[in-house]
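Asks: Need a 3D model of the sequence below.
(2 chains)
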Amino acid sequence: MVPIYYYLILSAILFSIGVGAFLIKRNIISVFMSIELMLNAVNLTFVAFAHHWHQVSGQIFVFFVMVVAAAEAAVGLAIIIAIFRTRATLDVDRIDLMKL
Amino acid sequence: MHLVLFIIFGGLCVAGALNLLFQRHPINAALSLIVVMSSLAVLYLLLGAEFLAAAQVIVYSGAIMVLFTFVIMLLNAGREDRTHGSKAAYLVGIPGAAALFATLVYIFLSYRTQLGGASIGNYLVTTSDLSRVLFRDLLLPFEVTSVLILVAVLGAVVLARKEH
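Replies: Numbers count the residues shown, from 1 in each chain, chains lettered A, B, ... in the order given. Just a heads-up that it's a prediction; the model follows:
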């Protein structure tokens, strides 16, 4: 038997690493991947609490998070392609103006 | 058994996430993120979420990460450089993330007596349980997400299209 708070602490570790990577990474694709890491950490928390309360709704929520993350990844990567096409860089420090 | 599996795959999760943090090339970061997501699928299975474990492998480490690696290779993304902005991010980001981690762990540990334990087979949500809730009580949100996916696909095509 594994206590539920082990899972919660694991998801806290993953979320904090995701926050750190989001702030430290300079490549726009890496920044986007750290957002996915944070979403996964929160999903683990949802599944752990769904197990604790014996409720299906936690897992339903994870399902919807996955669907929205898929939509977000598709649109976000299309935006990254559009940014690269107009500026020829992926460095977030050089993408700081809305006009070209 | 459960504890051994948790330690193996939880350790893989943390190792993959740390590798994501320290790799400077995006393709290495993407591959370590696949390790994290696949290990999370095993942890979902340990917590009795069999449908979500399958969906995690198919949707996350399958579809989404293939999209990521495809875009990295399409844009020929190289190693990232250290800039002035990254110095400030190091100074603020690492202590900020550590503070967030400390707060979360403090909260979880202070409630640990009220949280129970998980063992294999104790609680299993089958696909039919999940779909009963999804298609009976939550039919409208489910249909709305399908519209959302349609809009996202159209938006992705419009955004990534070459303008003439």
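Asks: helix/strand/coil for B:Arg112?
Replies: Following DSSP: H, G, I helix; E, B strand; the rest coil, the label given to B:Arg112 is coil.
Asks: How is the nearest residue to it once chain neighbours are set aside assigned, secondary-structure-wise?
Replies: Ranked by C-beta to C-beta, 6 or more residues apart in numbering or on different chains and with sequence neighbours excluded, the top spatial neighbour of B:Arg112 is A:Tyr5, at 4.5 Å. To be clear about C-beta, it is placed using only N, CA and C from the backbone, and glycine gets the same treatment. When classified by three-state DSSP, A:Tyr5 comes out as helix.
Asks: Just give the number of residues close to A:Tyr5.
Replies: Per other C-beta atoms under 10 Å in any protein chain shown, the neighbour tally for A:Tyr5 reads 23.
Asks: And for A:Ala70?
Replies: Neighbours of A:Ala70 under the rule other C-beta under 10 Å: 20.
Asks: Spit out the contact partners of it.
Replies: A:Ala70 is in contact with B:Val59, B:Ala63, B:Ile64, B:Ile149, B:Ala152, counting by C-beta atoms under 8 Å, 6 or more residues apart in numbering or on different chains.
Asks: which parts of the helix or strand the last one falls within are buried?
Replies: Assignment of secondary structure by DSSP states H and E places B:Ala152 within helix B:139-160. Taking 16 or more other C-beta atoms under 10 Å in any protein chain shown as the basis for neighbour counts, the residues of helix B:139-160 that come out buried are B:Phe142, B:Thr145, B:Leu148, B:Ala152, B:Ala156, B:Leu159, B:Ala160.
Asks: Run through the helices of chain A in chain order.
Replies: A:4-24, A:28-53, A:57-87 (DSSP state H).
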